[in-house]
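Colleague: After the sequence you'll find the predicted model.
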Amino acid sequence: MSDLKPQTRHIADRLESPLKLAVFSWPSLLLVVAIALFILNSFMSPYFLSAWSLSDATFNFTEKAIIAFAMALLIISGEIDLSVAAIIALSSTIMGLCLQLGFGTSELVFVGLFVGVLCGAFNGTLVVGLGLPSIVVTIGTMSFFRGISFIILGDQAFNGYPAEFAFFGQGYVWWVISFEFVLFLFVALVYFVLLHKTNFGRQIFVIGNNATAAQFSGVRVKRIKFILFCLVGLMSGIAAILLTSRLGSTRPSIAQGWELEVITMVVLGGISILGGSGTIQGVFIAAFIMGLISFGLGLLNVPGIVMSIFIGALLIIVIALPIIAGKIKSRLKA
Amino acid sequence: MQNSVIKLSGISKSFPGVKALQNVELELYRGQVTSLIGENGAGKSTLVKTMTGIYQPDEGEISVNGKVVVLGSAHDAFSHGITAIHQETVLFDEMSVAENIYLGHTPKTKFKTINWKKLYSNATNILKDIGASHINAQTKLKEISIANKHLVAVARALSVEADIVIMDEPTAALSHKEIEDLFQLVEKLKNDGKAILFISHKFDEIYKIAERYTVFRDGQMVGRGMLSDTSQDEIVQMMVGRSVDQIFPKRNASIGAPVLHVENYNHPTEFADINFELNKGEILGFYGLVGAGRSELMQALFGITKPSSGTLTISGQEITLKGPADAVNAGIVYLPEERGKQGVVLDLPIVENISLPSLHTTSKNGFLKMANEFALARKYAERLDLRAASLSQNAGTLSGGNQQKVVIAKWLAVEPNIIILDEPTKGIDIGSKAAVHSFMAELVAEGLSVIMVSSEIPEVMGMSDRIIVMRDGLMVDIFQNNEDLSAETLIRSAAGIEEQVA
Amino acid sequence: MRSIHRNHEFWLTLIIALMVVGTTLRSPGFISGQKMIEIFNDSSMLIILALGQMSVILTRSIDLSMASNLALSGMIVALINAAYPQIPVPVLMLIATSCGLLMGIFNGSLVWWLGIPSIVVTLGTLTIYRGIIFVLAGGKWVNADAFTESFIQYTRVEFLGIPALSWYAIIIVLAFFIFMTRTSAGRSIYAIGINPSAALYTGINIGKTQFMTFCISGALSGFCGYLWVSRYVIGSVEVAKGYELIVVAACVIGGISIAGGVGTVVGTVLGALFLGFISNALPVIGVSPFWQMAISGGAIILAVIINASSQKQGKRIILKDREAQS
């Protein structure tokens, strides 16, 4: 490369500082919303600003958020998994089954995780291996996985989990800091690094933006998508352990409807449902927002179902606003 | 002098980075066929889309029968009697033949519902009219052959009361017999007084069927007139005329030992009997008409599609490619023809586009090192004289030529031995073209080997050491590129026209 | 030639027929006219909803808000009926349908005007519509004794031995059949699903057509709102919860391709009947009803695999037939 042309022009790395970009980013907007909600909540209810009630509030979102981080990666890659709640049910049921066989806590945890990964791999095989659309496949496996739980349990429930097992969903690491919350922070950090700081994460973005170009650049698209399905399965397995431990029992209807809440959290977090863009920070804050809304309204004795109006409206508004603003801008220009 | 049925004057149309049409003129006449001639990327397809209401011109006006019209949608074009048979069949695979012919103007019953009985009988009649009575109007389109799909497209065009019929490479997928039938049909249309625009690469067809010609080059009209007054040589001159004013880098070929052997490469449907070798420091050109199987062959060499048989030997080692990643590891890279779909990721920054296949070298233990990525990207971006404000801007904000440089930079960064360029200068501006050409010369001087697929005669002849011509998935000729080789020889070889004795 | 083995409707009919025979073998007397009418009646709402969903999916969108729309429209007419028993039931049906239509218009305009992906829009409205039910009813249920007799009878009255509910479904299926196969609007729905760019060349307005399908699915959901409340004699926030995915499942089993453009009214009806049959037949042959969910899940997966393999697109072929060339 000795014959570089003498008159090469210099190209800057960046024109705008990363700090400035971060300030005007989606997560920052979400953060403002979250802070506003926090302040609003503390005005509305005197009980809000107590350490224990705040700690209780985290249980509203930690389990769902743990799945949402993996789901975010999957959606960025251009796929989706609607079967996560069913995986929780199946995983919890198999754990319960193993409990009857006299398994101890550590074996139960292993079984929970294993079933989760297995379900994820099953989805991954159908989508990646057979080239089927993930939305339909996972609508199918959603009924299938939960259906197996119903076959095993019927209208019964598994109870009597060992005392140590209760720690995962009910234990506190220090003072009001629960094990679930610590795990949530840890998982958030892991996924932040995985998505934003590794080659693997970069390749996920490329696949979501343009899977063909990714393939033409030597990215192993199928392998990565398969791994992502397995990851979502694994996280659902973790959520199954937490939820089962917290409830202390397993019913086949466990975590019903969670799949849509998890996806709402992901989309609210700024992950494009069409794939290709989004941040873990966004999902992280979105988890808090959803937790704050349900907890704050809960303190005001507003029932959960009404909260869903706010969450649904928030989902549409945060996505519609930038589009409307863009439309107005382009109309003003014209 | 007769009045034209449709007249386009001063039409210009630009896309980001490309001026597709510049101040173009075109006139069609009743009962006559006008042939539109030009290389790929000359602006023919853009013109067709402008005439059928898909694109709106930036400047200029279109008048039909002397009245200025605005073609704001496909519907407007229909209502002014303009119909087209498109190059890519724009039809509906899952619908019946009859419905494909009549969708949008189906015969109705008195209750305003579709009259299927009449639809089928009308469709059968119109198929009979065009000599395609062998097609059953009730079969689904996906179940008939490509040639028959073209006939359906013709039938669709004729099903509307149109005065102006545009045929965009209608013979591309047809056999000799089918082409004969099509020509009879065109004669019939002429007799019915329709004005026809006929786009084709094949000179024998043009001379056989058309009265007039218009030649486009680089989005401009460079000549028009009566075919009876003009020889084939003159038209080829107009098409490729740029060779006079376009300068290709001079280089002293120092060609070394073979680096790539392709033996007996076959594919069930796309190509067969491919045998060639590529030498160190060589530019090997692949010329042929669109759809000759060149891109498909290149994608097989890059591991995207798998050949059904044959062996690939790189630097003396026989290898099997399971996917593009294997090809990159073996030192082969591929610059695809469909830049926007397969080359760049438009919504990601330049730096991430360039570092993508090199991430394993820029990163550490799988963790990204942005500083290394920027250094790598800058090295190649500056070497290619990329015109960008910063490396963090999205590749989609660049012009076509600069996007192409990003793709080239991406592949140079993996330091390959063999680089396959598929239509490397298609749809990019003259300045970037020259940059790409001089860069190719630099690469081979450094000892790389280049395979270049191109449909542009001056480019193929200006750059290649040897030229392989493909037609219908087969290699038909290999030429040494020297003074004895003429543009006409190549065109004839690619189109399958017998050499004329002058 | 379209070979019969690739005909989705044929296979589905065969499978349902085999299930009927199998069930009858296990439990003679199952195959009675009365039982068949009962199964159809049970599947009626699913059929109607699946047809609406079909029109949306054919245009490459999806409507996840149908079940919430149904529950809200149903609650509205339940409340009206409880408060103003003098209002005739046909007016209530019209009100339910109009409420559903309004919700469909809201979905459709967000998709058409703002270009937000339909899955996001309807995921949002799914929770919004259901939340509104609670607000409207103040968290209360509307119980059986609150309804007027005619409100309940309008789905139960029998004509030719077939309950009214089934007749509504039959009429809607026929209307839908005519709409999808014999009107330009119906054919446009297929066209933009099969090939959007070709549809543009034909002069079809893609956004407007999608908007129309959301209006259809909305109006049908609204109408089913009345039917549901009348049949199960209850208005509550829990009505049809999670049913949106069962509706999608009926479409998929019926051979509707989620990629758009492929699928028929007959297939969709069969898909809904398949699910309806399973829920009726399992108890009869002594299989616990808890098997139902896993079986429908397995059926969906199988259906997708079969759909995909029968819809593999042929590639452009460059090589000409060697013999024809020489």
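Modeller: Alright, I've got the coordinates.

Colleague: near chain B, which residues of chain A?
Modeller: A:1, A:3-5, A:8-16, A:193, A:197-203, A:205-206, A:209-210, A:212-220, A:276-277 (Cβ under 8 Å from any Cβ of the partner chain). For glycine as for every other residue, the C-beta is placed from the backbone atoms N, C-alpha and C.

Colleague: And the residue most central in space within chain A, how far from chain C?
Modeller: Nearest to the geometric centre of chain A sits A:Ala68, at 0.2 Å (Cα atoms, centre = their mean). As for A:Ala68, its distance to chain C is 14 Å (criterion: Cβ to the nearest Cβ, to the nearest Å).

Colleague: Unless I'm misreading it, that residue sits right up against A:Thr264, doesn't it?
Modeller: No. Here A:Ala68 lies out of contact with A:Thr264, judged by Cβ atoms under 8 Å, at a distance of 9.1 Å.

Colleague: Common neighbours of the two, please.
Modeller: Contact criterion Cβ atoms under 8 Å, 6 or more residues apart in numbering or on different chains; residues shared by A:Ala68 and A:Thr264: none found.

Colleague: where's residue 219, which helix or strand?
Modeller: Went with chain A since none was named. Using DSSP states H and E, A:Val219 sits in no helix or strand.

Colleague: oops, chain C please
Modeller: helix C:206-232.

Colleague: before we move on, what about A:Leu31?
Modeller: Assigned by DSSP H and E, A:Leu31 falls in helix A:26-44.

Colleague: Check C:Ile37 too.
Modeller: With DSSP H and E as the test, C:Ile37 turns up in helix C:33-58.

Colleague: how about that helix: buried residues?
Modeller: Buried residues in helix C:33-58, defined by neighbour count with 16 or more other Cβ atoms under 10 Å in any protein chain shown: C:35, C:39-58.

Colleague: picking up where we left off before, any idea how far the closest residue to the residue nearest to the centre of chain A other than its chain neighbours lies from B:Ile164?
Modeller: Counting by Cβ to Cβ, 6 or more residues apart in numbering or on different chains, A:Ala68 lies nearest to A:Met265, which is 4.5 Å off, once chain neighbours are set aside. Distance of A:Met265 to B:Ile164, given as Cβ to Cβ, to the nearest Å: 56 Å.

Colleague: So which bits of the stretch 1-150 of chain B are right by chain C?
Modeller: Near chain C, when you scan the stretch 1-150 of chain B using Cβ under 8 Å from any Cβ, you find B:52, B:54, B:73-75, B:78, B:86, B:90-95, B:99, B:103-104, B:106, B:112-114, B:116, B:139-140, B:142-143, B:146.

Colleague: try 6 Å this time
Modeller: B:73-75, B:90, B:92, B:94, B:103-104, B:113-114 (Cβ under 6 Å from any Cβ of the partner chain).

Colleague: so where is the chain shaky, pLDDT-wise?
Modeller: Picked chain A for this. Within chain A, the set of residues satisfying pLDDT under 70 comprises A:1-9, A:333-334.

Colleague: Please refer instead to chain C.
Modeller: C:1-6, C:310-326.

Colleague: Find the closest residue to chain A in it.
Modeller: As assessed by Cβ to the nearest Cβ, chain A sits closest to C:Ala294 within chain C, at 2.6 Å.

Colleague: other SSEs contacting the helix holding A:Leu31?
Modeller: helix A:280-299 (3 or more Cβ pairs under 6 Å, 6 or more residues apart in numbering or on different chains; DSSP states H and E).

Colleague: The helix it packs on and chain C, are they touching?
Modeller: No. Applying Cβ under 6 Å from any Cβ, one finds helix A:280-299 out of contact with chain C, separated by at least 10.9 Å.

Colleague: Could you give the secondary structure assignment for B:Leu278?
Modeller: strand (DSSP: H, G, I helix; E, B strand; the rest coil).

Colleague: The residues of the stretch 1-150 of chain B next to chain C in helices, which ones?
Modeller: B:74-75 (DSSP state H).

Colleague: ok, the residues of the stretch 1-150 of chain B next to chain C vs C:Ile300, which is closest?
Modeller: B:Glu94 (21.5 Å; Cβ to Cβ).

Colleague: mind listing what that closest one touches?
Modeller: Applying Cβ atoms under 6 Å, 6 or more residues apart in numbering or on different chains, we find B:Glu94 in contact with C:194, C:261-262.

Colleague: now A:Val232
Modeller: Taking Cβ under 6 Å, 6+ apart, we find A:Val232 in contact with A:70-71, A:74, A:81, A:120.

Colleague: from those residues, which is closest to B:Ile468?
Modeller: A:Leu74 (44.3 Å).

Colleague: Please list all residues in contact with that closest one.
Modeller: So, once contact is read as Cβ under 6 Å, 6+ apart, A:Leu74 ends up touching A:81, A:228, A:232.

Colleague: Which members of those are positioned in helices?
Modeller: Using DSSP H, these in helices are A:228, A:232.

Colleague: quick one: contacts for whatever residue of chain A ends up closest to chain C?
Modeller: Closest contact between chain A and chain C, by Cβ to the nearest Cβ, is at A:Gly147 (2.6 Å). With contact set as Cβ under 6 Å, 6+ apart, A:Gly147 has these partners: C:293-294, C:297.

Colleague: any chance of those residues in TSV, with neighbour count and secondary structure too?
Modeller: TSV is the format used below for the contacts of A:Gly147 (neighbours: other Cβ atoms under 10 Å in any protein chain shown; DSSP: H, G, I helix; E, B strand; the rest coil):
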residue	neighbour count	secondary structure
C:Met293	24	helix
C:Ala294	19	helix
C:Gly297	23	helix
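
Colleague: which among those gets closest to C:Pro90?
Modeller: Of the contacts of A:Gly147, the one sitting nearest to C:Pro90 (Cβ to Cβ) turns out to be C:Met293, at 36.4 Å.

Colleague: Which residue, other than its chain neighbours, is closest to that closest one?
Modeller: C:Met293's closest residue in space is A:Gly147 (Cβ to Cβ, 6+ apart), at 3.4 Å.

Colleague: any idea which helix or strand carries that neighbour?
Modeller: Using DSSP H and E, A:Gly147 falls in helix A:134-153.

Colleague: hang on, the earlier thing: confirm that the residue nearest to the centre of chain A sits in a strand.
Modeller: No. Under three-state DSSP, A:Ala68 falls outside any strand and is assigned helix.

Colleague: For it, list the residues it contacts.
Modeller: A:262, A:265-266, A:283.

Colleague: C:Tyr190 too?
Modeller: Neighbours of C:Tyr190 in contact, by Cβ under 6 Å, 6+ apart: C:Gly261.

Colleague: how about stretch B:477-496, does it reach chain C?
Modeller: No. Using Cβ under 6 Å from any Cβ, stretch B:477-496 never reaches chain C; the gap is at least 10.5 Å.

Colleague: Show me chain B divided up by domain.
Modeller: Taking automatic domain parsing as the criterion, chain B consists of the domains B:4-244, B:256-331+B:416-497, B:344-413.

Colleague: Need the winner for burial among these.
Modeller: domain B:344-413 (a mean of 21; mean count of other Cβ atoms under 10 Å in any protein chain shown).

Colleague: all helices for the stretch 201-334 of chain A, in order.
Modeller: A:211-216, A:221-247, A:258-268, A:280-299, A:304-333 (DSSP state H, counting those that start in this stretch).

Colleague: Quick one: list the elements packing against the fourth one.
Modeller: Which is helix A:280-299. Packed against helix A:280-299 by the contact rule (3+ Cβ pairs under 6 Å, 6+ apart) you find helix A:26-44, helix A:62-76, helix A:179-197, helix A:258-268, helix A:304-333.
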